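Asks: Structure, please.
(one chain, ligands or ions: 1)
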Amino acid sequence: MNFNDIDKWLEEKLPEMEKDLAELVKHNSIEAESAPDAPFGTEVEAALEDALKVAERLGFSTRNEHYYGIADMGGTAGEDGDFYAVLGHLDVVPAVPRDWEHDPFSLTAEGDRLYGRGTMDDKGPMLAALYGAAALAKAGFEPDAFVRFIFGTNEETHMAGVKKYKEREKMPIGGFTPDADWPLVIGEKGICQFNVGRQWIDAEEKAFLILNKINAGTANNIVPAMAEARFEIGEGAELQFADSEDITVVLDGEEIVITAYGTAAHGSAPEQGDNALTKLLRYIDRLDFSPAPAKAFVADLVRLTADDKTGKDMGLSGSDEYSVTTVSPNILHMDRAGGTLTNDMRYRVTDKPEKYKKLLAQLAERENVSVDYSHVTAPLFADKTAPLVSSLLSAYRDVTGDMTEPLVIGGGTYAKVIPGMVAFGCEPVDEPSRAHQADEYITRAELLSAARVYARAIYNLTK
Ligand SMILES: [Zn+2]
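Replies: Below is the predicted model:
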């Protein structure tokens with residue numbers, strides 16, 4: 001295969017790719033109310049229709065199933081034989097325009113950068129892969145296995161689109177999802193979000209402070225930037241509140257309100273944040289307040305979250321050659337009769353879910369708390385020497401010359417839903433992620449380089 005011609009063709013096509021990206025970015029494709037033939041809303045459906053139009057123009061045969069779309073290169077992969085899949089998504093996370101310097105829904109070029117929601121996650125990378133595959137077809141490549149592009153429409157919220165695909169369609173023998181980082185994600189940690197709770201009987205007790213409520217956190221998977229405790233003023237000796245940079249104590253009507261401030265981060269990377277919830281707990285633990293069972297629960301939580309990043313004090317920590325377990329306490333609700341702490345655990349890739357089911361049961365027993373969770377997602381771990389991994393990695397290395405080793409991340413991408421897939425591109429090595437951020441962008445150079453990598457990757461897989 002002459003990759004010089006392929007690289008040249010892709011460079012010539014770059015303005016066209018940019019135009020296609022502009023069309024896709026126009027749609028504010030966050031999950032919305034369903035409509036006929038638009039299960040996740042009309043904007044998601046419009047983005048899907050536009051992406052399939054691009055695929056058709058590039059020579060793919062397409063099918064719109066509304067929950068997902070299919071573009072097959074070289075015959076209809078589903079019926080004709082084994083195929084590799086390229087799986088990505090056209091839905092986006094919300095963009096708050098006032099946080100952006102650019103219009104999130106109109107592709108804006110500034111120098112080499114193309115700004116817009118979805119440029120990096122995941123509309124841009126999917127287009128780069130489509131053009132990469134099209135370049136092979138244009139060069140007359142006749143593959144041994146087929147390639148099917150699967151466009152998901154509900155990745156950011158519930159992955160319902162691709163789950164529908166799984167129910168209805170033939171599965172690939174392998175493939176990749178261009179929806180993470182370069183060079184390649186070899187492992188995704190296991191995930192379990194679990195609640196630690198305790199209930200008690202509210203008893204009338206006399207103290208200067210009587211706890212009304214604690215509220216902290218906004219989402220299971222976000223390190224909380226703010227946490228608040230509200231106390232009624234009761235009887236007893238008045239307290240002196242120690243000064244602290246990150247804590248305020250104010251009187252709000254009849255209540256004393258104590259607020260702790262920190263820095264938000266993704267729950268899979270608690271080391272990048274500063275947890276306001278545990279700061280608040282440590283502060284109020286030093287105060288005398290009632291009811292006594294609430295005070296006791298706070299003391300237990302302070303002990304269990306003394307390390308609020310690795311789960312050490314809950315007996316959950318561990319590491320292996322590839323990854324470190326993290327546990328981030330992200331939500332706390334408490335009142336006079338009980339409380340629940342929600343934790344986001346990402347456990348090391350070499351463990352099995354059963355181990356954590358056991359450890360969580362032991363935690364409940366040992367601490368006299370209830371521990372519940374909806375599920376424990378198994379980790380994903382591909383052998384570094386597996387043919388799929390080496391085919392993709394060598395494609396990346398050929399184009400970029402970058403020899404960075406494959407990564408393990410906190411999870412979870414599409415690769416977890418469809419067996420045999422790994423996440424492959426396109427966020428640059430050693431840079432903060434642009435996905436989900438304000439002023440998300442991809443550069444033209446990154447689009448072109450990604451398309452060249454994907455062309456070689458698909459060639460390596462299917463030759
Ligand atoms: Zn994504």
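
Asks: Around the ion, pick out the residues from this structure.
Replies: 121-122, 179 (CB under 5 Å from the ion). Every residue, glycine included, has its C-beta placed from N, CA and C.

Asks: Can you tell me which of the residues you listed is nearest Met226?
Replies: Met226 has its nearest neighbour among the residues of the chain next to the ion in Asp121, at 26.3 Å by CB to CB.

Asks: mind listing what the closest one touches?
Replies: Taking CB atoms under 8 Å, 6 or more residues apart in numbering, we find Asp121 in contact with 92-93, 179, 434-436, 440.

Asks: Give me the three-state assignment for it.
Replies: Following DSSP: H, G, I helix; E, B strand; the rest coil, we place Asp121 in the coil state.

Asks: and what of Val376?
Replies: Under three-state DSSP, Val376 falls in the strand class.

Asks: so what's it bridging to?
Replies: When bridges are called by DSSP bridges, Val376 pairs up with Cys192.

Asks: so what's it up against?
Replies: By CB under 8 Å, 6+ apart, the contact list for Val376 reads 190-192, 353, 356-357.

Asks: Okay, strands next: where are they in the stretch 301-450 of the chain?
Replies: Assigned by DSSP state E, counting those that start in this stretch, the stretch 301-450 of the chain shows strands spanning 326-335, 338-347, 370-377, 380-381, 407-409, 421-423, 426-427, 441-443.

Asks: Could you dump these into TSV with distance to Met314 and mean pLDDT added?
Replies: Output for these, formatted as TSV (distance: least, CB to CB, whole Å; pLDDT from 0 to 100):
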stretch	distance to Met314	mean pLDDT
strand 326-335	6	97
strand 338-347	8	97
strand 370-377	9	91
strand 380-381	24	88
strand 407-409	22	90
strand 421-423	29	91
strand 426-427	31	95
strand 441-443	39	98
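
Asks: Domain boundaries for the chain, per the record?
Replies: According to automatic domain parsing, the chain comprises the domains 3-187+380-462, 191-377.

Asks: Single out the most deeply packed of the ones you listed.
Replies: With neighbours taken as mean count of other CB atoms under 10 Å, the domains of the chain reach their highest mean count in domain 3-187+380-462, at a mean of 20.

Asks: show me what contacts whichever residue of the stretch 151-300 of the chain sits closest to the ion?
Replies: Going by CB to the ion, the ion is nearest to Asp179 of the stretch 151-300 of the chain, at 4.2 Å. Asp179 sits next to 87-89, 121-122, 125, 155, 413-414, 423 when contact means CB under 8 Å, 6+ apart.

Asks: 10 Å instead, please
Replies: Asp179 sits next to 87-89, 120-122, 125-126, 152, 155, 185, 413-415, 423-427, 435 when contact means CB atoms under 10 Å, 6 or more residues apart in numbering.

Asks: Tell me where the stretch 101-250 of the chain has helices.
Replies: Using DSSP state H, counting those that start in this stretch, the helices of the stretch 101-250 of the chain run over 123-138, 160-168.

Asks: Need these in CSV (columns: mean pLDDT).
Replies: As requested, those are exported to CSV (pLDDT from 0 to 100):
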stretch, mean pLDDT
helix 123-138, 97
helix 160-168, 94
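
Asks: would you turn the contacts of Val376 into a markdown table with pLDDT and distance to Ala265?
Replies: Shown next, in a markdown table, are the contacts of Val376 (pLDDT from 0 to 100; distance: CB to CB, whole Å):
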| residue | pLDDT | distance to Ala265 |
| --- | --- | --- |
| Gly190 | 94 | 20 |
| Ile191 | 93 | 16 |
| Cys192 | 95 | 19 |
| Pro353 | 95 | 25 |
| Tyr356 | 97 | 22 |
| Lys357 | 96 | 27 |
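
Asks: tell me the two of those that are most distant?
Replies: Most distant of those, by CB to CB, are Ile191 and Lys357, 13.4 Å apart.

Asks: Name the residue of the stretch 301-450 of the chain with the shortest distance to the ion.
Replies: The ion sits closest to Ala435 of the stretch 301-450 of the chain, with a gap of 5.9 Å, by CB to the ion.

Asks: Skip the chain neighbours and tell me the closest residue to that residue.
Replies: Spatial nearest neighbour of Ala435, chain neighbours left out: Asp121 (3.6 Å); criterion: CB to CB, 6 or more residues apart in numbering.

Asks: just Arg366 next, same as before
Replies: Gly315 (7.8 Å).

Asks: wait, the one you found sits on Leu363?
Replies: Yes - contact criterion CB atoms under 10 Å: Gly315 and Leu363 qualify, at 6.2 Å.

Asks: Residues in contact with both of those two, list them for me.
Replies: Residues touching both Gly315 and Leu363 (CB under 10 Å, 6+ apart) are Leu304.

Asks: For Asp20, give me its contacts.
Replies: Contacts of Asp20 were listed using CB under 10 Å, 6+ apart, and they are 13, 50-51, 53-55, 57-58, 107, 123-124, 127, 130-131.

Asks: What of Asn220?
Replies: Contact analysis of Asn220 by CB under 10 Å, 6+ apart lists 193-195, 267, 328, 330-331, 342-344.

Asks: let's go with 8 Å and repeat that
Replies: With CB under 8 Å, 6+ apart as the criterion, the residues that contact Asn220 are 193, 267, 330-331, 342, 344.

Asks: Equivalent analysis for Phe149, please.
Replies: The contact partners of Phe149, by CB under 8 Å, 6+ apart, come to 55, 60, 70-73, 85-88, 126, 129-130, 133.

Asks: and if we set it to 10 Å?
Replies: Under the criterion of CB under 10 Å, 6+ apart, the neighbours of Phe149 are 51-52, 55, 60, 62, 69-73, 77, 85-88, 126, 129-130, 133, 175.

Asks: quick one: it from Leu48, how far?
Replies: From Phe149 over to Leu48 the distance is 12 Å, taken as CB to CB, to the nearest Å.

Asks: which neighbours do the two share?
Replies: With contacts taken as CB under 10 Å, 6+ apart, Phe149 and Leu48 have Gly69 as neighbours in common.
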